[in-house]
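Asker: fold the following.
(chains A and B)
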Amino acid sequence: MAVAGLVIVALMVLTAALAPLLAPHDPNQIFGSFEAAPSGEHLLGTDAVGRDVLSRLIYGSRVSMSVGVGAVAVYVLIGVLLGLLAGYYGRWVDLVIMRITDVFMSFPYFMVILIMVSILGPSLLTIIAVIGALAWPMVARLVRGSVLSIKQTDYVQAGVALGYRTPRILFRHILPNTLSPIIVNATFGVAQAIILESGLSFLGMGVRPPAASWGNMLSEAQSITVLSSQPWIWIPPGLMILLAVLSINFVGDGLRDSLESRSYK
Amino acid sequence: MGSYLIRRLLIGIPVLIGVTLINFLIINLAPGSPADLYLTPTSTSADVARVEAELGLDQPIFVQYFHWLTRLFHGDLGVSFQNRAPVTELIGERLGPTLLLMGTSLVIAYLVAIPIGILAARKKNSATDYSVVGASFLGISVPHFFLGLVLIYVFALELGWLPTGNMITLGRGGGFADRVNHLILPVAVLATATAANMTRYVRSSMIDAFGQDYIRTAKAKGLGRSVITSKHALRNALIPVVTVIGVDLSALIGGAIVTEQIFQWPGIGLLTIQSIGARDYAVLMGINLIAAIAVFGANLLTDIAYAVVDPRVTYA
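Answerer: This next block holds a predicted model:
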């Protein structure tokens, strides 16, 4: 399953990268026939203002992929840095960082993201920044936990005895050994970020029209007419989100099995 | 144990203060000022200064935070910008429907997840197990709004069995059966993710428990499978499961916002969306604070429950 997931994820990344070549039409071009059922000209039909659904679907993958990768990159960076500092220095540094982590973990995640995005103004960059700024506590905890045990190992003690500078010990000696749980967490994080973005866009607090995102394509289905008689508008983006998230979760599960079972042996 | 409890509660105090501080700062990022409520387009700058002074807005931000905190302790969350009702009153009206929705979903999720998780663990690596694992992956991967739309499409629009939304049928509704009918679809949406997640926990935790020595001992004594499952394995397997409730609350609140929007369920989630639309930051601040305190409380209770339930956990 993990391999199948990986293949699908690779295909989606490729689709996002090659969107201008693959899309049959410009995603914002308006055709005469609006709300048209799928046909040879428009394989997935057209939406309420006459844009090609398939082209919007293909361009929508760019949004999902960039939010997934961008947000996770931001929060992994913050989490790793704080986790390393807390675990390595201990004492009051650890105390302060861990209490801040507790504060961030107390906030109902989606609600804070929703409120912050609405205050800062919805856009792709805001979503990446807000998810990145809020989602780091889990990574910080994981890294701190690993650092606490790795700190005691002989090779780190040897590094200290040799008089290496702290950054060198942290990044060259400790960090590489904490990577497995971070990679697993980050993979599931990409799936989470894609769901979050689509949820925000669905509520009108994400990527703003006319730009296409799977979430804002689905929000058209809040009208009963679209929902009941124009399934080609809302079912494909929904299935794409499901497929993307499911594949990434399978990859994450496979990574967890292969990376983390190794550490038990 | 007693000293652990006290220490855990003391650690909670700075965290709680941090929660109120961050909440205050987030809302202060918002454009506009509470003074706008008392001003008209014809107000002069002198009027603005006077109103701001009356509301304490001319003072340094940490003084403002302190004043806000003091009012908070008296149960005063301020006044809605939109309809000038007290925020506590607005939230109070919406709390019941949300608790009904979340509570029912949580109970249903557990009633589904625990037996299915046990079944999958007992038949590990069988076709049953693989279907359970596959279904749970599907459950955690499907976004609430897509599942909600599909369910409305199938059960409300195509089959016509259930209502598309709201809590009661307007005009003639309100009976028990009517309320249950309106509850089914939103609960199904909200319970799916929780049940899927919980099933995976129960399954892996039961598999761990079945591998323990005391299970082998019980088998050697000649005890039946059902006794071993229910009396020996389950009790130990449920310990980590209990603690997931705390973590789940945050996800449940997020899911409730989207679910309430789709089904027009008149709870806190819908109030959040409406307040965002109206830029009513006083209400948002109140909702966010109450939700954060609930999550904080759930985390605290979980930690304590863990220490109480599992005697092997020792805290020096």
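
Asker: in chain A, what residue lies closest to chain B?
Answerer: Residue nearest to chain B within chain A: A:Phe110 (2.8 Å; CB to the nearest CB). Every C-beta, even on glycine, is put in place using the N, C-alpha and C of the backbone.

Asker: what's the neighbour count on that residue?
Answerer: Using other CB atoms under 10 Å in any protein chain shown, A:Phe110 has 27 neighbouring residues.

Asker: wait, doesn't it sit right on A:Gly199?
Answerer: Yes: under the criterion of CB atoms under 8 Å, A:Phe110 makes contact with A:Gly199 at 7.0 Å.

Asker: what's the overlap in contacts for those two?
Answerer: In terms of CB atoms under 8 Å, 6 or more residues apart in numbering or on different chains, A:Phe110 and A:Gly199 are both contacted by the residues B:Gly254, B:Val258.

Asker: mind listing the helices for chain A?
Answerer: A:2-17, A:19-22, A:53-89, A:91-106, A:109-120, A:124-134, A:137-150, A:154-161, A:166-168, A:179-202, A:214-218, A:224-229, A:231-255, A:261-264 (DSSP state H).

Asker: got CSV for the ones you listed, with mean pLDDT too?
Answerer: Below are these laid out as CSV (pLDDT from 0 to 100):
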stretch, mean pLDDT
helix A:2-17, 81
helix A:19-22, 74
helix A:53-89, 87
helix A:91-106, 86
helix A:109-120, 85
helix A:124-134, 89
helix A:137-150, 86
helix A:154-161, 81
helix A:166-168, 79
helix A:179-202, 88
helix A:214-218, 84
helix A:224-229, 74
helix A:231-255, 86
helix A:261-264, 49
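
Asker: most packed of these?
Answerer: helix A:214-218 (a mean of 28; mean count of other CB atoms under 10 Å in any protein chain shown).

Asker: before we move on, the earlier item: which residues sit in contact with the closest residue to the residue of chain A closest to chain B other than its chain neighbours?
Answerer: Nearest non-adjacent residue to A:Phe110, counting by CB to CB, 6 or more residues apart in numbering or on different chains: B:Gly254, 2.8 Å away. Shown in contact with B:Gly254 (CB under 8 Å, 6+ apart): A:Pro108, A:Tyr109, A:Phe110, A:Met111, A:Gly199.

Asker: in contact with the nearest residue to the second one once chain neighbours are set aside, which residues?
Answerer: Counting by CB to CB, 6+ apart, A:Tyr109 lies nearest to B:Ser250, which is 5.3 Å off, once chain neighbours are set aside. Shown in contact with B:Ser250 (CB under 8 Å, 6+ apart): A:Phe107, A:Pro108, A:Tyr109, A:Phe110, B:Val295.

Asker: what's the closest of these to B:Phe24?
Answerer: Nearest to B:Phe24 among the contacts of B:Ser250 is A:Phe107, at 12.9 Å by CB to CB.

Asker: contact partners for the closest residue to the closest one other than its chain neighbours?
Answerer: Once flanking residues are discounted, A:Phe107 sits nearest to B:Ala292: 5.1 Å by CB to CB, 6+ apart. Going by CB under 8 Å, 6+ apart, B:Ala292 touches A:Ser106, A:Phe107, A:Pro108, B:Val19, B:Asn23.

Asker: isn't the third one up against B:Asp248?
Answerer: I take that to be A:Pro108. No: contact criterion CB under 8 Å: A:Pro108 and B:Asp248 do not qualify, at 11.3 Å.

Asker: who's more crowded, the two?
Answerer: Between A:Pro108 and B:Asp248, counted using other CB under 10 Å, A:Pro108 has the larger neighbour count: 23 against 20.
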